[in-house]
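J.: Next input, structure requested:
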Amino acid sequence: MSQRHPLASNSALEITIDKILKNTEKDILSNIKSALDDSHHNLDDSIRKLEHEYDKVISNGKKEADKIEKQIVGSADIETRNKQLLLLEDAVDKVFSKALDQISNVDRSGDYSNLIKSLLKESTQILGTSEITVFTNAKDKDVVQSALSQFSGAELSSDTIDCLGGIIAKSKDGTMKFDNTLDARIERLKPLIRKEIASTFGVGS
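T.: Take a look at the predicted model:
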């Protein structure tokens with residue numbers, strides 16, 4: 001049996017080791033490349049996720065800012081509207097205060113006498129009968145008594161009432177009553193005047 005030369009064996013061993021090292025190196029490099037690719041992929045995914053989260057945070061921040069802005073604007077609108085309504089009420093009160101002063105000092109003859117007749121006529125129409133008892137204040141008693149001469153079945157009560165002027169009419173059977181005093185008419189006019197002023201100045205009533 002022939003013996004192999006030691007150098008030949010060593011050379012073969014070196015070649016084998018070299019191959020193993022090369023293969024190992026390829027595997028290592030391949031694994032490193034694969035790991036690097038995975039890292040890049042994961043990094044890209046992470047960046048996309050971070051960008052998404054960032055966009056989400058920004059979007060939520062804008063929504064919250066818009067919400068707060070609307071609340072502030074809404075609060076300002078309410079405050080402005082409340083101020084406008086207070087001014088409106090003040091304007092209405094001034095209108096009626098002036099009207100009340102004029103009415104309390106009006107001459108109880110002429111046009112006022114015609115007004116009383118109109119109030120009596122309206123009251124009998126609303127109550128559906130001229131069989132009424134009429135109440136008025138001490139200042140209007142004479143003018144009302146004079147006007148009643150035109151209304152058959154109507155009579156003036158001896159009791160006076162506290163009012164600016166006008167009358168309260170009651171059916172004689174006591175089942176119906178209509179307040180046609182100037183005070184009541186003014187109260188009925190208030191919403192209409194308030195609406196008119198509000199419309200003129202563009203204030204919500």
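J.: Outline the domain layout of this protein.
T.: Following automatic domain parsing, one gets these domains for the chain: 7-105, 107-201.
J.: ranking these by mean pLDDT, which is last?
T.: By mean pLDDT, the lowest-scoring of those turns out to be domain 7-105, with a mean of 63.
J.: Show me where the chain has its helices.
T.: When secondary structure is read from DSSP state H, the chain shows helices at 6-104, 111-127, 141-147, 182-201.
J.: What is the shortest one packed up against?
T.: In this structure, helix 141-147 packs against helix 111-127, strand 155-160, with contacts taken as 3 or more Cβ pairs under 8 Å, 6 or more residues apart in numbering; DSSP states H and E. (C-beta placed from N, C-alpha, C; glycine too.)
J.: Check which helices and strands the shortest one is in contact with.
T.: Okay, so that is strand 155-160. Packed against strand 155-160, as judged by 3+ Cβ pairs under 8 Å, 6+ apart, are the following elements: strand 132-136, helix 141-147.
J.: deepest of the ones you listed, which one?
T.: Sort the helices and strands packed on strand 155-160 by mean neighbour count, taking mean count of other Cβ atoms under 10 Å, and strand 132-136 sits at the top with a mean of 23.
J.: partners of that one in the sheet?
T.: strand 155-160 (parallel), strand 166-171 (antiparallel) (DSSP bridges).
J.: Now that strand - C-alpha only, PDB.
T.: What follows is strand 132-136, C-alpha atoms only, in PDB (Å, rounded to 0.1, in the frame of the first residue of the first chain):
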ATOM      1  CA  ILE A 132    -121.800  92.900  31.000                       C
ATOM      2  CA  THR A 133    -120.500  94.600  34.200                       C
ATOM      3  CA  VAL A 134    -117.700  97.000  33.500                       C
ATOM      4  CA  PHE A 135    -114.900  97.800  35.900                       C
ATOM      5  CA  THR A 136    -112.500 100.700  35.500                       C
END
